[in-house]
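Student: Need a 3D model of the following:
(chains A, B and C)
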Amino acid sequence: MVGAVAAAAVLQGGLGEANAARRRNDFRYTPDREVARVLSFGHRSSLADALWLRALPDFAREFDDRALKERWLNGVFDVVTDLDPTFYTAYSYGSTYLALINKQADSAIALLERGIARYQAMEAEDGRRYAAGTRLRIDLAMAYWMHKRDRAATIRHLEIAVERPDCDFLTRNMLVGLKLEDRDDLIALSYSAQLLDHQNPQVRAKAAEDLEYTKLRIARRVQREFAAEQGRDAASLDELRAGCGLEPELAAMVFETVEMSADGKLTSWRHDELRVQSTMRSMEVAAQIYRRDNGRWPTIDWFFEGAGNSLLVLRRLDIPQGKRFVIDDEGRVSVVEDE
Amino acid sequence: MNRRATAIALATFREAVRDKLLLLVVVFGVGMVLFSRVLGWLSVEDELKMVQDFSLSGMSLLALFLAMLVGAGSLAREVERHTVYTVLTRTATRTEFILGKFVGLVWVFWLCLLGAGAVLALWVLTWGGSIGAPLVAAMIGLLLETVVLTAVALFLGALSAPAIASVGTFAFYLVGHGTEALRELTAQGRSPDFAAVYSVLYRVLPNLENVNFINATTSGRPVDWESLGLGALYVLLWTAALLAGAVVMFRRRQF
Amino acid sequence: MNTVIRVRDLHKTFRPSAFGRPVQALRGVSFDVTEGECLGYLGPNGAGKTTTMKVLTGLMTPTSGDALLLGVAPSDASARAGLGYLPENPYFYEHLTPLEALDFYGALSGVSAATVRERAPRLLERVRLADAATRRIRGFSKGMRQRFGLAAALIHEPALLMLDEPLSGLDPAGRRLVKEIILEERAAGRTVFLCSHVLADVQELCDRVVIVHEGQIAREGTIQYLLESGPRSFELVASHVPDEVKARIREAARLYREAGDTVTAHIGGAEAAPELAAAVHAAGGRVLSLRPERENLEAWFVRVIQRETERGGDA
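Tutor: The predicted structure is shown next:
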């Protein structure tokens, strides 16, 4: 008996190797989308989930035959998203995998466009917007940006994305940045100002802060251009404003809140003010969480050391000279003069 | 439902509830709901989607297995054990017998499904989901599907042996969830030679997709209550037809 | 007297399978059962007894002929309102308790819930199942099921009791109990239609028998009449019998047994036995008993069936 088991163990060693080698190229069958639709017998979402779960470990597998892998990959994404057109992960992960790991940017873009088309159809039918539709649009813009280096296409899709109510500020600011590079200052400002009268006060505050930042960015670009043209820095804000070449009304708007420090650095007092305010709101949220976890409000020092610190580090906030934050008994954060 | 049919329904209910087979099938259903979480873990993301999808699929299978294992054999069991002799020799008619059996079975099956549904609800809440309209609609659809599957099982049970009735019920389920493919075959001018045949088949064959609301329940899409209502009407029409068939077959039976 | 059951020229032909040969279970059966009567319906296995019962209870429709319960076809539910039926080897819903099952059968027979609640404990008491009233039928022995079946058949106090082998599977105490109940029900005026192959029971319970054989009525009449039409015999028991008388007895006897001092003999004929008894007495022996033996229904039944079979063979 021991001999037989030992022999089997030896054989298993060889078999394991052989099997592993064979598996490298065995083609995982993925059903055709129409076959899958019929064979799901109504359990379309579950079949999509099951096919997705089966495919997940194989994404990490190495194939010797690249064509085979491409066929398999596209088959998986196609059938899974056909069975469940609302399977966001399949589009988003799928496109990232295709573009980044398999270097198939076109397939990735096609997959995202398919998803967007499906969401558009659903939105037309249901008369409402879906967050996944927005995210897919942003994913598509980013795919054009990173994998195709197609600036125009990126801007085109970002412009669609920012018109959707659930578009995030990061995406909005990317579009603003691109517009500024193109010197489309008015458009950049209008994108920044778009959410100024949003119903959510936090969104309004963020929009106001970002609008001021956009103005500052325009002012700084103007400053760089002045230096490049004149071969010297502008001595004062007035000089800069006079020689900036912006439309007078635009210039008035841009320079309204901008200041120049002694070393020639441009800052916006309005932007700093808004940033301090939004930081205080963030600190208050963090304080709430701290109180929920610890049963008491944090001390103000907690924000500057240890766990609370990351909040301020992330904001890279310069605390105004002669001032400091305080937190009161109700968790409200404010700024007071240093005594 | 008169008193006799109600009594038969109640006896059927009591008999089925106390049967071990039912327990086994329900354990399967609840197990499927709980197991869905394991699949959710495998998915890395989309845990809630997987929990919900697999649970609802499991409940649809639960309805099917109840109809196949408990429903399809229920008439044969009565005949085989001669309990039917003690029922039909009273003033109960065969129509009342079939109706009573049907209502009793639907009652039990609904209870099983609602039990599994409660487990699902708890499960979804446990893993951070919420019970919204899509889940409720899916559940109502499953209950309606159970009604028609029970009627099929009884009809086939009145017509033939339990094994055949079971297989037939399964076939009905497959056909009922497969007919949508026929419409796709005729859509966009494909296979024009058979389009007429397909479109007739599509209308004539039972279509359980009308009450299938188990897909994409996590997508946030609104529930089309009107189509669920029409689906309910459709399914009830099929149920009525199948029950009428079961009554006709059962009245012709010689014991 | 009203006719409770009326059967005329009943035929039933089965086709076991689509291509199988048809089987004629009933070939023109006719009989009546009048109100208050207890009719024994006898026949060997496969004679058509159960088929007749199934037609009479509406479980089957006849191929041709008429069967009427109180003037109405049994397939009509109203005809079955006054029928209490106990099938052979009855099975009930296994997971119900006797009380639940009586509720159920009461409802099926149109008895109000209140009446069932009132009758059920008494009935269960009567069939000695009061202790098992809340246990599931699943665990019941065959005898308990049989007794419960009788209770279920009586829950709506039917005018007609149809009992298929009501005594099979019962222990002696159970048999006596069921017999008593049947006799009580008869005494209460119920009509009883009893199917059995235990002929002694039929003899004990029924006024009249109908014998069915191969789907036809072989004999019909009162038990008295049928038995009296056969030959008689006596049983003689005596002791201290002198040898020469013993020899005469042995010669005349159909069956002869000697145990110690006692002689037991079964002697055919109406005259031989009394004469031999006189001879024993005259010779100084003691006559312990002299009993006329009516022919046992069993023997009679076998004889009738045999004759039927022979006649069938001749034809």
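Student: Excluding chain neighbours, what is closest to C:Val202?
Tutor: Distances taken as CB to CB, 6 or more residues apart in numbering or on different chains place C:Gly40 nearest to C:Val202, at 3.6 Å, with adjacent residues excluded. The way it works is simple: take the backbone N, C-alpha and C, and place the C-beta from them, glycine included.
Student: helix or strand right after the helix or strand that contains the one you found?
Tutor: Assigned by DSSP states H and E, C:Gly40 belongs to strand C:38-42. Later in the chain than strand C:38-42, the nearest helix or strand by DSSP H and E is helix C:49-56.
Student: any idea how far the residue of the stretch 101-250 of chain A found nearest chain B lies from B:Arg221?
Tutor: Using CB to the nearest CB, the closest approach of the stretch 101-250 of chain A to chain B is made by A:Asp126 at 5.5 Å. Per CB to CB, to the nearest Å, A:Asp126 is found 6 Å from B:Arg221.
Student: same thing with C:Ala81?
Tutor: Counting by CB to CB, the separation of C:Ala81 from B:Arg221 is 57 Å.
Student: May I see the buried residues of stretch C:19-28?
Tutor: Of the residues in stretch C:19-28, C:Gln24, C:Ala25, C:Leu26, C:Arg27 count as buried by neighbour count, 16 or more other CB atoms under 10 Å in any protein chain shown.
Student: quick one: is that stretch near chain B?
Tutor: No - legend: contact between stretch C:19-28 and chain B by CB under 8 Å from any CB of the partner chain is lacking; minimum distance shown is 10.8 Å.
Student: For that stretch, measure first residue to last.
Tutor: End-to-end span of stretch C:19-28 (CA to CA, to the nearest Å): 24 Å.
Student: Quick one: mean pLDDT for that stretch?
Tutor: Per-region confidence: stretch C:19-28 scores 85 on mean pLDDT.
Student: close to chain C, is stretch B:92-105?
Tutor: Yes - using CB under 8 Å from any CB, stretch B:92-105 reaches chain C at B:Ala92, B:Thr93.
Student: residues making contact with that stretch?
Tutor: B:1-2, B:4-13, B:15-16, B:70-71, B:74-75, B:78, B:84, B:87-88, B:150-151, B:153-154, B:158, B:243, B:246-247, B:250-251, B:253, C:77, C:108 (CB atoms under 8 Å, 6 or more residues apart in numbering or on different chains).
Student: buried set for it?
Tutor: Neighbour-count burial for stretch B:92-105 [16+ other CB under 10 Å]: B:92-105.
Student: what's the helix or strand for the residue nearest in space to the middle of chain B?
Tutor: What sits nearest the mean C-alpha location of chain B, by CA atoms, centre = their mean, is B:Thr146, with 2.2 Å. Using DSSP H and E, B:Thr146 sits within helix B:133-159.
Student: what angle separates the very next helix or strand once past that helix from helix B:133-159?
Tutor: Per DSSP H and E, the first helix or strand lying C-terminal to helix B:133-159 is helix B:162-178. Compare the direction of helix B:162-178 with that of helix B:133-159 by axes from the mean of the first three to the mean of the last three CA atoms, to 10 degrees and you get 140 degrees.
Student: can helix B:162-178 be found next to chain A?
Tutor: Yes - using CB under 8 Å from any CB, we find that helix B:162-178 touches chain A at B:Tyr173, B:Leu174, B:Gly176, B:His177, B:Gly178.
Student: continuing past that helix, what's the next helix or strand?
Tutor: Using DSSP H and E, the next helix or strand after helix B:162-178 towards the C-terminus is helix B:180-186.
Student: per-residue confidence averaged over that following helix?
Tutor: Rounded mean pLDDT across helix B:180-186 is 75.
Student: Could you give me the buried positions within whatever helix or strand comes next after that helix?
Tutor: As assigned by DSSP H and E, the chain's next helix or strand after helix B:180-186 is helix B:195-204. Neighbour counts using 16+ other CB under 10 Å place B:Tyr198, B:Leu201, B:Tyr202 of helix B:195-204 among the buried residues.
Student: what about helix B:195-204, distance to the chain center?
Tutor: Distance of helix B:195-204 from its chain centroid, counting by CA atoms, centre = their mean, to the nearest Å, is 24 Å.
Student: Tell me which of A:Asp126 and B:Arg221 has more neighbours.
Tutor: Under the neighbour definition other CB atoms under 10 Å in any protein chain shown, A:Asp126 and B:Arg221 were set side by side, and B:Arg221 has more, 19 against 13.
Student: Distance of the more buried one relative to chain A?
Tutor: 6 Å (CB to the nearest CB, to the nearest Å).
Student: thought that residue was touching B:Pro134?
Tutor: Yes - using CB atoms under 8 Å, B:Arg221 is in contact with B:Pro134, at 7.2 Å.
Student: Can you work out which residues contact both of these two?
Tutor: With CB under 8 Å, 6+ apart as the test, B:Arg221 and B:Pro134 reach no residue in common.
Student: re earlier: so the residue of the stretch 101-250 of chain A closest to chain B versus chain C, what's the distance?
Tutor: Distance from A:Asp126 to chain C, by CB to the nearest CB: 49 Å.
Student: Next, give phi and psi for the closest residue to chain A within the stretch 201-315 of chain C.
Tutor: Using CB to the nearest CB, the single residue of the stretch 201-315 of chain C nearest to chain A is C:Gly215, 52.1 Å away. Main-chain dihedrals, C:Gly215, degrees, to the nearest 10: phi 80, psi 10.
Student: name the element the closest residue to it other than its chain neighbours belongs to?
Tutor: Leaving aside its chain neighbours, C:Gly215 sits nearest to C:Arg27 (3.9 Å; criterion: CB to CB, 6+ apart). Following DSSP H and E, one finds C:Arg27 within strand C:23-34.
Student: Then C:Val209?
Tutor: Element membership of C:Val209 [criterion: DSSP H and E] is strand C:208-213.
Student: partners of that strand in the sheet?
Tutor: strand C:38-42 (parallel), strand C:216-222 (antiparallel) (DSSP bridges).
Student: The longest one: how far from the chain's middle?
Tutor: Just to be clear, that refers to strand C:216-222. That offset, for strand C:216-222, works out to 14 Å (CA atoms, centre = their mean).
Student: Using CSV, list the CA coordinates for stretch A:211-218.
Tutor: Coordinates of each C-alpha in stretch A:211-218 appear next as CSV, following Å, rounded to 0.1, in the frame of the first residue of the first chain:
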residue,chain,number,x,y,z
LEU,A,211,-13.6,79.3,-8.9
GLU,A,212,-11.2,81.4,-6.9
TYR,A,213,-8.4,78.9,-7.6
THR,A,214,-9.2,79.0,-11.3
LYS,A,215,-8.8,82.8,-11.2
LEU,A,216,-5.5,82.4,-9.4
ARG,A,217,-4.3,79.9,-11.9
ILE,A,218,-5.1,82.3,-14.7
